[in-house]
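Chemist: Structure of the sequence below:
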Amino acid sequence: MTLCFDSGEGSDPYSATVRLRGRRVGSRAMPGPDDTFTHEETVEGVVPGAGTLSVTSWVYGLLPGEWTVSGELIRAEAHAGGQPSSSRWKRPSSQPIHPAAWSWRRWRLSAGQPAPLKTRWAVVAPLARIPAVIPGSWPALSALGALVALSVLMAILAHERVPIGRSLMVSLIAVGAGLIGAKVWYAILHPGPWRQRIGGWAVDGFLVVALVVTVAELLAFNLPAGVFLDASAPGLFFGVAIGRLGCFLTGCCAGRCTRSRWGVWSSDRRVGARRVPTQLIESAAGLVIGVATALLVLDHAPTVPGVIFVAAFGTYLVVRQFLLRLRAESRRYSWRRSLMARATS
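Modeler: As a prediction, the model looks like this:
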């Protein structure tokens with residue numbers, strides 16, 4: 001179920017709790033434990049003035065059938081003025097909130113009409129409709145980005161009269177190694193249960209591993225490394241531009257909540273809000289780098305092979321490091337987390 005509420009007014013971010021209460025349709029007058037549920041979702045970092053937010057919740061282990069669900073928003077209000085911290089907070093206030101309705105045409109969230117909800121098989125529960133999220137858009141657009149990248153690379157190599165057969169083999173092996181590197185890198189950045197560790201991909205791992213494997217293959221197959229890398233730059237960043245659109249529509253790599261007018265309403269698959277559009281900014285950066293490198297490669301601008309790729313890769317890394325600071329997720333390494341835990345224990 002997805003509920004919505006207004007972020008309200010104020011200056012400092014706050015935490016809010018959404019409490020769901022459900023009752024099975026057709027249950028007896030005195031419902032038993034299996035006929036009701038109470039579920040809470042805590043939302044951290046709600047930014048006042050950011051407009052309407054949505055919270056999507058999944059509740060598992062219920063009896064199949066239809067359920068009526070009501071929502072309640074609970075938040076603590078701060079006193080005005082600089083009072084001591086011991087008397088800073090009032091009693092938490094609560095208010096009823098409504099189901100959310102999403103319009104793709106207007107790209108807008110609004111309050112919907114309450115209606116009974118039907119249970120579904122747990123395996124397909126993640127496919128439930130979430131505001132601003134299209135399930136499966138990331139793999140589809142990532143595959144399209146990879147196809148575009150390979151097509152652009154092969155076209156440029158053919159123009160440069162580099163053997164296509166061996167170049168295609170190098171590219172496919174590098175892509176496979178890069179996918180493995182993306183999974184391993186993600187697992188390192190997200191310590192925890194094994195299901196969580198294999199649940200995503202890290203583009204840093206893909207780029208680093210794919211680059212190392214590509215250079216090794218080029219040396220082994222006696223192909224011109226500098227020319228090949230320069231030719232791969234346009235397609236690589238066109239692929240980044242397309243793939244990051246999939247991230248935006250899937251709800252991964254979301255930016256922080258913001259009240260800025262430049263924010264774009266999007267979701268991290270749980271909380272929908274006006275956010276810094278980190279995925280769209282990275283997509284635009286990839287497109288600009290791709291166009292610039294294509295013009296330079298086709299114009300044979302530099303005299304040293306490989307310079308275009310190095311400059312493009314370095315520019316992208318700078319942009320990416322800046323965007324990582326604007327994302328909602330934490331990017332601390334596991335060893336840094338362990339050191340912090342020791343320091344606070």
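Chemist: Contact partners for the residue nearest to V43 when sequence neighbours are not counted?
Modeler: Of all residues beyond its chain neighbours, the one nearest V43 is A16 (5.0 Å), with distances taken as C-beta to C-beta, 6 or more residues apart in numbering. C-beta: built from backbone N, CA, C; applies to glycine. Going by C-beta atoms under 8 Å, 6 or more residues apart in numbering, A16 touches F5, T42, V43, V46, L73, I74, R75.
Chemist: Okay, and the beta partners of A16?
Modeler: Under the criterion DSSP bridges, A16 forms beta bridges with V43, R75.
Chemist: Could you check how far stretch 202-211 is from the centre of its chain?
Modeler: 17 Å (C-alpha atoms, centre = their mean, to the nearest Å).
Chemist: buried stuff in it?
Modeler: Residues of stretch 202-211 classed as buried under the neighbour-count rule (16 or more other C-beta atoms under 10 Å) are A202, V203, D204, G205, F206, L207, V209, A210, L211.
Chemist: Using CSV, write out every CA atom in that stretch.
Modeler: The C-alpha trace of stretch 202-211 is given here as CSV (Å, rounded to 0.1, in the frame of the first residue of the first chain):
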residue,chain,number,x,y,z
ALA,A,202,27.9,-0.8,-8.7
VAL,A,203,28.9,1.1,-11.8
ASP,A,204,32.3,1.8,-10.3
GLY,A,205,33.1,-1.9,-10.1
PHE,A,206,31.9,-2.4,-13.7
LEU,A,207,34.1,0.4,-15.1
VAL,A,208,37.3,-0.5,-13.2
VAL,A,209,37.1,-4.2,-13.8
ALA,A,210,36.1,-3.8,-17.5
LEU,A,211,38.9,-1.4,-18.1
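Chemist: which residues touch that stretch?
Modeler: By C-beta under 8 Å, 6+ apart, the list of residues contacting stretch 202-211 reads 174-175, 177-186, 189, 240, 243, 313, 320.
Chemist: Also stretch 57-68?
Modeler: 1-3, 18, 20, 22-26, 34-35, 37, 39, 41, 114, 116-119, 122, 125-126, 128.
Chemist: let's see 10 Å
Modeler: Residues from elsewhere that reach stretch 57-68 (C-beta atoms under 10 Å, 6 or more residues apart in numbering): 1-3, 18, 20-27, 34-41, 69, 71, 114-122, 125-126, 128, 270.
Chemist: Of the residues you listed, keep whichever come out buried.
Modeler: Applying 16+ other C-beta under 10 Å to these flags 1-3, 18, 20, 22, 24, 27, 35, 37, 39, 41, 69, 71, 117, 270 as buried.
Chemist: Could you list which of these belong to strands?
Modeler: T2, L3, V18, L20, G22, R24, F37, H39, E41, V69, G71, L117 (DSSP state E).
Chemist: Report the distance from stretch 267-285 to the chain centre.
Modeler: Remark: stretch 267-285 is offset 7 Å from the chain centroid, using C-alpha atoms, centre = their mean.
Chemist: all helices for the protein, in order.
Modeler: 137-159, 164-189, 194-197, 203-220, 225-250, 278-299, 307-324, 334-344 (DSSP state H).
Chemist: Kindly reformat those helices as CSV containing mean pLDDT and distance to I97.
Modeler: CSV is the format used below for those (pLDDT from 0 to 100; distance: least, C-beta to C-beta, whole Å):
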stretch, mean pLDDT, distance to I97
helix 137-159, 94, 28
helix 164-189, 89, 34
helix 194-197, 54, 29
helix 203-220, 90, 36
helix 225-250, 95, 25
helix 278-299, 96, 27
helix 307-324, 95, 32
helix 334-344, 37, 34
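Chemist: one step back: most neighbours out of the contacts of A16, which is it?
Modeler: Using other C-beta atoms under 10 Å as the neighbour criterion, F5 leads those with 23 neighbours.
Chemist: That one against S94, yeah?
Modeler: No - with contact defined as C-beta atoms under 10 Å, F5 and S94 do not form a contacting pair (11.2 Å).
Chemist: Relative to A101, which of the buried ones among the contacts of stretch 57-68 is nearest.
Modeler: Closest to A101 out of the buried ones among the contacts of stretch 57-68 is T2 (8.9 Å), distances taken as C-beta to C-beta.
Chemist: Show me how the record splits this structure into domains.
Modeler: 2-127, 137-162+224-344 (automatic domain parsing).
Chemist: Among these, show me which one is buried the most.
Modeler: When the domains of the chain are scored by mean count of other C-beta atoms under 10 Å, the highest mean neighbour count falls to domain 137-162+224-344 (a mean of 18).
Chemist: Report the distance from that domain to the chain centre.
Modeler: So, by C-alpha atoms, centre = their mean, the centroid of domain 137-162+224-344 is 13 Å from its chain's centroid.
Chemist: cool, stretch 29-47 as well?
Modeler: 26 Å.
Chemist: Show the contacting residues for G200.
Modeler: W138, A182, K183, W185, Y186, A187, L189, H190, C252, C253, E329.
Chemist: measure the fourth one to S93 for me?
Modeler: Here W185 is placed at a distance of 43 Å from S93 (C-beta to C-beta, to the nearest Å).
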